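[1] Provided below are the primary sequence and the corresponding predicted coordinates.
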Amino acid sequence: LSVYVGSDDSRLTGIFRTRDGGQTFEHLMPGSVTDIEVSWSRPLEVYAVVGGRILRTRDGGNSWQILESPSGGTVTRLRMALSEDVLYAVTAASGSHISRDAGATWQSVGGLPRDDIRDIAIHPVHAMTAYAATGSGIYSLNAPRSADGPTEPWTPTPPDTTSVPEVPHLPETTKLHVPY
């Protein structure tokens, strides 16, 4: 079992991997890491946001490929659906984006306040349903499976939500848990 850890601490940055329960760590790559997502069914496939760019490995971290960033922007958050070909990304300049092909192409999704997207959680059963935590509340998205048609914008859910710090991942539940 491999565990991947990312750091953006100025003293020690990069992606690290442990295969022995945290006794030792290998430094796989330098850089400021803001997110890591490991595939649920393909444990050697890992996505990471390093220096604002999306990187992917399919060999457990021995080699990395830089993926095209959505709208060429600096990526701040990345989430992988359980279906694994569906990715959600947040960029500093252009808001939220969805990829239905493991990051090969991206589609912009409007409706979120661009400067205050804190996190995204994906429904564990319905990969095209996601929730976003922002400084102005929680938003939901029900994207179509095909990129052929337009994606409806995020909508406030419910309209009277208050500011939340972060949306945690939804591991094995269909309920959204929001810490206050």
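    That came through, no problem.

[2] which residue sits closest to Glu26, ignoring its sequence neighbours?
    Arg17 (5.0 Å; Cβ to Cβ, 6 or more residues apart in numbering). The C-beta positions use only the backbone N, C-alpha and C, and glycine is treated the same way.

[3] shaky segments in the protein?
    The chain contains residues with pLDDT under 70 at 72, 84, 114-115, 146-150, 158-180.

[4] which stretches in it count as helices?
    For the chain, applying DSSP state H gives no helices.

[5] neighbours of the residue nearest to Glu26, how many?
    Applying other Cβ atoms under 10 Å, we find 19 residues neighbouring Arg17.

[6] how much space between Leu87 and Ser136?
    Leu87 sits 24 Å away from Ser136, going by Cβ to Cβ, to the nearest Å.

[7] neighbour count winner among these two?
    Taking other Cβ under 10 Å, Leu87 and Ser136 do not tie; Leu87 has more neighbours (26 against 14).

[8] what's near enough to touch that one?
    When contacts are counted by Cβ atoms under 8 Å, 6 or more residues apart in numbering, Leu87 touches 37, 47, 78-81, 98-99, 102-103.
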